[in-house]
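J.: Got a predicted structure plus its sequence, pasted below:
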Amino acid sequence: MRQRDLMARFRKRIRGTLMAVAALAAATVAPTGSLTAGPQLEIVNPTMNFGRVTQNKIITTDFWIKSTGDEPLKITVLWAGCGCAEIPLPDSTVMPGDSMQMRVRFATGRYQGVVHKRPTVRTNASLEVIKLSILAEVLVEADEGWPVVLRPDVLDVSQFGEKTRRMGKFHVENRSDEDLRVVVVDSALKSFDVKIPDEVKAGETIEGRIRVDGEMLEQDFEESVTLRIEGAEPYYYTLPVVRRYRSLDRAGQ
(Lines give C-alpha, C1' and ligand atoms only; values in the text may rest on other atoms or scores of the structure.)
Protein backbone atom coordinates (compact mmCIF):
# COMPACT_ATOMS: atom_id res chain seq x y z
CA MET A 1 0.00 0.00 0.00
CA ARG A 2 2.85 2.37 0.72
CA GLN A 3 4.20 1.96 -2.79
CA ARG A 4 0.80 2.51 -4.39
CA ASP A 5 0.18 5.56 -2.20
CA LEU A 6 3.53 6.97 -3.28
CA MET A 7 2.75 6.36 -6.96
CA ALA A 8 -0.67 8.01 -6.50
CA ARG A 9 0.97 11.13 -5.07
CA PHE A 10 3.44 11.22 -7.97
CA ARG A 11 0.59 10.87 -10.50
CA LYS A 12 -1.31 13.73 -8.89
CA ARG A 13 1.78 15.97 -9.04
CA ILE A 14 2.42 15.09 -12.68
CA ARG A 15 -1.20 15.79 -13.69
CA GLY A 16 -1.06 19.19 -12.00
CA THR A 17 2.25 20.04 -13.64
CA LEU A 18 1.04 18.92 -17.09
CA MET A 19 -2.09 21.07 -16.82
CA ALA A 20 -0.02 24.13 -15.96
CA VAL A 21 2.47 23.41 -18.74
CA ALA A 22 -0.29 22.92 -21.32
CA ALA A 23 -1.86 26.25 -20.41
CA LEU A 24 1.49 28.02 -20.64
CA ALA A 25 2.34 26.37 -23.97
CA ALA A 26 -1.02 27.39 -25.45
CA ALA A 27 -0.44 30.97 -24.34
CA THR A 28 3.17 31.34 -25.50
CA VAL A 29 3.63 29.08 -28.55
CA ALA A 30 0.80 29.58 -30.97
CA PRO A 31 0.93 27.68 -34.30
CA THR A 32 1.25 29.76 -37.45
CA GLY A 33 -0.61 28.68 -40.59
CA SER A 34 1.29 30.44 -43.41
CA LEU A 35 4.34 32.60 -44.03
CA THR A 36 4.02 36.08 -42.52
CA ALA A 37 6.13 39.20 -42.71
CA GLY A 38 9.51 39.13 -41.00
CA PRO A 39 11.00 36.24 -39.03
CA GLN A 40 8.39 34.10 -37.28
CA LEU A 41 8.48 30.74 -35.53
CA GLU A 42 6.38 27.81 -34.48
CA ILE A 43 7.54 25.18 -32.00
CA VAL A 44 5.78 21.89 -32.60
CA ASN A 45 4.80 20.03 -29.41
CA PRO A 46 6.77 22.13 -26.88
CA THR A 47 6.23 19.64 -24.03
CA MET A 48 7.80 16.20 -23.57
CA ASN A 49 6.73 13.83 -20.80
CA PHE A 50 9.30 11.06 -20.37
CA GLY A 51 7.35 9.57 -17.49
CA ARG A 52 9.06 6.91 -15.35
CA VAL A 53 12.79 6.31 -15.83
CA THR A 54 15.49 5.23 -13.40
CA GLN A 55 18.43 7.21 -12.05
CA ASN A 56 21.76 7.76 -13.85
CA LYS A 57 20.38 7.37 -17.35
CA ILE A 58 20.62 9.43 -20.56
CA ILE A 59 17.31 9.97 -22.35
CA THR A 60 16.57 11.97 -25.48
CA THR A 61 13.77 13.70 -27.33
CA ASP A 62 13.45 16.06 -30.30
CA PHE A 63 11.79 19.45 -30.43
CA TRP A 64 11.24 21.14 -33.80
CA ILE A 65 11.50 24.83 -34.63
CA LYS A 66 9.67 25.86 -37.80
CA SER A 67 10.39 29.13 -39.59
CA THR A 68 6.99 30.50 -40.61
CA GLY A 69 8.00 34.04 -41.64
CA ASP A 70 9.37 35.36 -44.91
CA GLU A 71 12.81 36.19 -43.45
CA PRO A 72 15.43 33.84 -41.91
CA LEU A 73 14.76 32.90 -38.31
CA LYS A 74 17.85 33.16 -36.09
CA ILE A 75 18.20 31.57 -32.67
CA THR A 76 19.92 34.14 -30.47
CA VAL A 77 19.68 32.37 -27.09
CA LEU A 78 19.40 28.68 -26.31
CA TRP A 79 19.72 27.65 -22.67
CA ALA A 80 19.21 24.03 -21.68
CA GLY A 81 17.86 24.99 -18.26
CA CYS A 82 20.36 23.09 -16.14
CA GLY A 83 23.62 21.17 -16.30
CA CYS A 84 21.64 17.93 -16.58
CA ALA A 85 20.46 18.76 -20.12
CA GLU A 86 22.21 19.43 -23.42
CA ILE A 87 20.80 20.83 -26.67
CA PRO A 88 23.45 20.79 -29.43
CA LEU A 89 22.29 22.84 -32.44
CA PRO A 90 23.37 21.98 -36.01
CA ASP A 91 22.83 25.63 -37.00
CA SER A 92 21.41 28.83 -35.52
CA THR A 93 19.51 29.94 -38.65
CA VAL A 94 16.32 28.45 -40.10
CA MET A 95 15.32 29.61 -43.57
CA PRO A 96 11.68 30.53 -44.35
CA GLY A 97 9.50 27.43 -44.63
CA ASP A 98 12.19 25.14 -43.17
CA SER A 99 12.32 23.35 -39.83
CA MET A 100 15.22 22.52 -37.54
CA GLN A 101 15.58 19.66 -35.10
CA MET A 102 16.60 20.37 -31.51
CA ARG A 103 17.67 17.17 -29.80
CA VAL A 104 17.57 17.32 -26.02
CA ARG A 105 19.77 14.97 -23.98
CA PHE A 106 18.63 14.75 -20.37
CA ALA A 107 20.65 13.04 -17.63
CA THR A 108 18.49 11.74 -14.78
CA GLY A 109 21.50 11.64 -12.43
CA ARG A 110 20.55 11.29 -8.77
CA TYR A 111 17.17 12.96 -9.10
CA GLN A 112 14.22 11.34 -7.33
CA GLY A 113 10.55 11.89 -7.99
CA VAL A 114 8.99 14.38 -10.39
CA VAL A 115 11.45 16.55 -12.33
CA HIS A 116 10.42 19.53 -14.48
CA LYS A 117 12.99 21.39 -16.61
CA ARG A 118 12.39 24.45 -18.83
CA PRO A 119 14.85 24.89 -21.72
CA THR A 120 14.70 28.45 -23.05
CA VAL A 121 14.75 29.71 -26.64
CA ARG A 122 14.93 33.28 -27.90
CA THR A 123 14.99 34.28 -31.56
CA ASN A 124 15.07 37.38 -33.74
CA ALA A 125 11.30 37.03 -34.20
CA SER A 126 10.66 38.95 -30.95
CA LEU A 127 12.05 39.67 -27.51
CA GLU A 128 9.73 37.01 -26.10
CA VAL A 129 11.38 34.07 -24.36
CA ILE A 130 9.96 30.69 -25.37
CA LYS A 131 10.15 27.99 -22.71
CA LEU A 132 9.99 24.30 -23.54
CA SER A 133 9.00 21.70 -20.97
CA ILE A 134 10.65 18.41 -20.04
CA LEU A 135 8.92 16.21 -17.47
CA ALA A 136 10.14 12.98 -15.88
CA GLU A 137 9.48 10.88 -12.81
CA VAL A 138 12.83 9.49 -11.73
CA LEU A 139 12.77 6.17 -9.87
CA VAL A 140 15.58 4.75 -7.77
CA GLU A 141 14.68 1.21 -8.90
CA ALA A 142 12.60 0.05 -11.86
CA ASP A 143 10.47 -2.09 -9.51
CA GLU A 144 9.00 1.12 -8.04
CA GLY A 145 6.99 1.58 -11.25
CA TRP A 146 3.23 1.14 -11.39
CA PRO A 147 1.17 -0.21 -13.17
CA VAL A 148 3.99 -1.68 -15.28
CA VAL A 149 7.69 -2.36 -14.88
CA LEU A 150 10.22 -2.14 -17.71
CA ARG A 151 13.09 -4.64 -17.69
CA PRO A 152 15.91 -4.00 -18.15
CA ASP A 153 15.88 -0.34 -17.13
CA VAL A 154 18.46 0.36 -19.87
CA LEU A 155 18.84 -1.69 -23.05
CA ASP A 156 22.46 -2.19 -24.12
CA VAL A 157 22.86 -3.19 -27.78
CA SER A 158 26.63 -2.74 -27.91
CA GLN A 159 28.82 -4.70 -30.30
CA PHE A 160 32.36 -5.75 -29.42
CA GLY A 161 33.99 -7.81 -32.15
CA GLU A 162 33.16 -8.74 -35.74
CA LYS A 163 29.87 -10.56 -35.16
CA THR A 164 27.09 -8.08 -35.92
CA ARG A 165 24.74 -7.37 -33.04
CA ARG A 166 21.62 -5.62 -34.17
CA MET A 167 18.81 -6.79 -31.90
CA GLY A 168 17.91 -6.21 -28.26
CA LYS A 169 14.96 -7.34 -26.16
CA PHE A 170 13.07 -5.75 -23.27
CA HIS A 171 9.97 -6.71 -21.30
CA VAL A 172 6.90 -4.90 -20.01
CA GLU A 173 5.34 -6.50 -16.93
CA ASN A 174 1.75 -5.53 -16.15
CA ARG A 175 1.32 -5.57 -12.36
CA SER A 176 -2.22 -4.23 -12.42
CA ASP A 177 -5.58 -5.99 -12.68
CA GLU A 178 -6.59 -4.29 -15.95
CA ASP A 179 -5.56 -4.86 -19.56
CA LEU A 180 -3.35 -2.03 -20.81
CA ARG A 181 -2.71 -0.64 -24.28
CA VAL A 182 0.91 0.03 -25.27
CA VAL A 183 1.75 2.88 -27.67
CA VAL A 184 5.25 3.82 -28.86
CA VAL A 185 5.76 7.59 -28.85
CA ASP A 186 8.76 9.78 -29.63
CA SER A 187 10.24 7.19 -32.00
CA ALA A 188 11.01 9.38 -35.03
CA LEU A 189 14.62 9.94 -36.10
CA LYS A 190 15.98 7.36 -33.68
CA SER A 191 18.90 5.06 -34.44
CA PHE A 192 16.67 2.01 -34.10
CA ASP A 193 13.20 0.62 -34.79
CA VAL A 194 10.85 -0.58 -32.05
CA LYS A 195 8.47 -3.53 -32.25
CA ILE A 196 6.15 -4.37 -29.36
CA PRO A 197 2.61 -5.79 -28.98
CA ASP A 198 -0.05 -3.12 -28.61
CA GLU A 199 -1.56 -4.69 -25.48
CA VAL A 200 -0.37 -6.29 -22.25
CA LYS A 201 -2.98 -8.28 -20.36
CA ALA A 202 -3.49 -7.96 -16.60
CA GLY A 203 -0.77 -9.83 -14.73
CA GLU A 204 1.13 -10.74 -17.91
CA THR A 205 4.43 -9.74 -19.48
CA ILE A 206 5.11 -8.88 -23.13
CA GLU A 207 8.38 -8.70 -25.05
CA GLY A 208 9.56 -5.73 -27.10
CA ARG A 209 12.44 -5.63 -29.57
CA ILE A 210 14.87 -2.97 -30.66
CA ARG A 211 16.50 -3.29 -34.10
CA VAL A 212 19.46 -1.01 -34.82
CA ASP A 213 19.27 0.77 -38.18
CA GLY A 214 21.82 -0.36 -40.75
CA GLU A 215 23.61 2.99 -41.00
CA MET A 216 24.09 3.04 -37.23
CA LEU A 217 25.68 -0.40 -36.89
CA GLU A 218 29.19 1.07 -36.71
CA GLN A 219 28.24 4.05 -34.56
CA ASP A 220 27.94 4.79 -30.85
CA PHE A 221 24.72 6.32 -29.55
CA GLU A 222 22.76 7.04 -26.36
CA GLU A 223 19.07 7.52 -27.08
CA SER A 224 15.73 6.37 -25.67
CA VAL A 225 12.19 5.39 -26.58
CA THR A 226 9.09 6.45 -24.66
CA LEU A 227 6.00 4.27 -24.21
CA ARG A 228 2.51 5.46 -23.33
CA ILE A 229 0.66 2.89 -21.24
CA GLU A 230 -3.08 3.43 -21.55
CA GLY A 231 -5.53 2.17 -18.94
CA ALA A 232 -7.96 4.07 -16.74
CA GLU A 233 -5.43 6.90 -17.16
CA PRO A 234 -2.25 7.23 -19.26
CA TYR A 235 1.23 6.57 -17.90
CA TYR A 236 4.56 7.19 -19.57
CA TYR A 237 7.75 5.14 -19.34
CA THR A 238 11.09 5.73 -21.03
CA LEU A 239 13.64 3.07 -21.92
CA PRO A 240 17.22 4.27 -22.51
CA VAL A 241 18.99 2.51 -25.40
CA VAL A 242 22.80 2.47 -25.54
CA ARG A 243 25.17 1.23 -28.23
CA ARG A 244 28.96 1.08 -28.15
CA TYR A 245 30.62 -0.22 -31.28
CA ARG A 246 34.08 -1.75 -31.13
CA SER A 247 35.19 -4.00 -33.99
CA LEU A 248 38.41 -6.01 -33.69
CA ASP A 249 40.17 -3.54 -36.02
CA ARG A 250 38.89 -0.54 -34.10
CA ALA A 251 39.72 -2.07 -30.74
CA GLY A 252 43.33 -2.51 -31.81
CA GLN A 253 43.81 1.11 -32.75
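T.: Cool, the structure landed.
J.: distance between stretch 185-205 and the chain's centre?
T.: 14 Å (C-alpha atoms, centre = their mean, to the nearest Å).
J.: Can you give me the end-to-end span of it?
T.: Length of stretch 185-205, first residue to last, C-alpha to C-alpha, to the nearest Å: 20 Å.
J.: Any buried residues in it, and which?
T.: Asp186, Lys190, Ser191, Phe192, Val194, Ile196, Val200 (16 or more other C-beta atoms under 10 Å). Every C-beta, even on glycine, is put in place using the N, C-alpha and C of the backbone.
J.: Which stretches in the chain count as helices?
T.: Taking DSSP state H as the criterion, the chain contains helices spanning 2-28, 248-251.
J.: looking at those, which has the lowest confidence?
T.: The weakest mean pLDDT among the helices of the chain belongs to helix 2-28, with a mean of 47.
J.: re earlier: pick out the most distant pair among the buried residues of stretch 185-205.
T.: The distance between the two most remote of the buried residues of stretch 185-205 (C-beta to C-beta) is 25.3 Å, for Ser191 and Val200.
J.: Filter the buried residues of stretch 185-205 down to just the ones in strands.
T.: Taking DSSP state E as the definition of strands, the buried residues of stretch 185-205 contribute Phe192, Val194, Val200.
J.: between these, which is closest to Met100?
T.: Checking those one by one against Met100 (C-beta to C-beta), the nearest turns out to be Phe192, at 22.8 Å.
J.: List the contacts of the closest one.
T.: Val157, Ile210, Arg211, Val212, Asp213, Met216, Glu223, Val225, Val241 (C-beta atoms under 8 Å, 6 or more residues apart in numbering).
J.: likewise Pro147?
T.: Pro147 touches Asn174, Arg175, Ser176, Glu178, Leu180, Ile229, Gly231, Tyr235, counting by C-beta under 8 Å, 6+ apart.
J.: Tell me the spacing between the first one and Arg118.
T.: In this structure, Asn174 and Arg118 are separated by 33 Å, where distance is defined by C-beta to C-beta, to the nearest Å.
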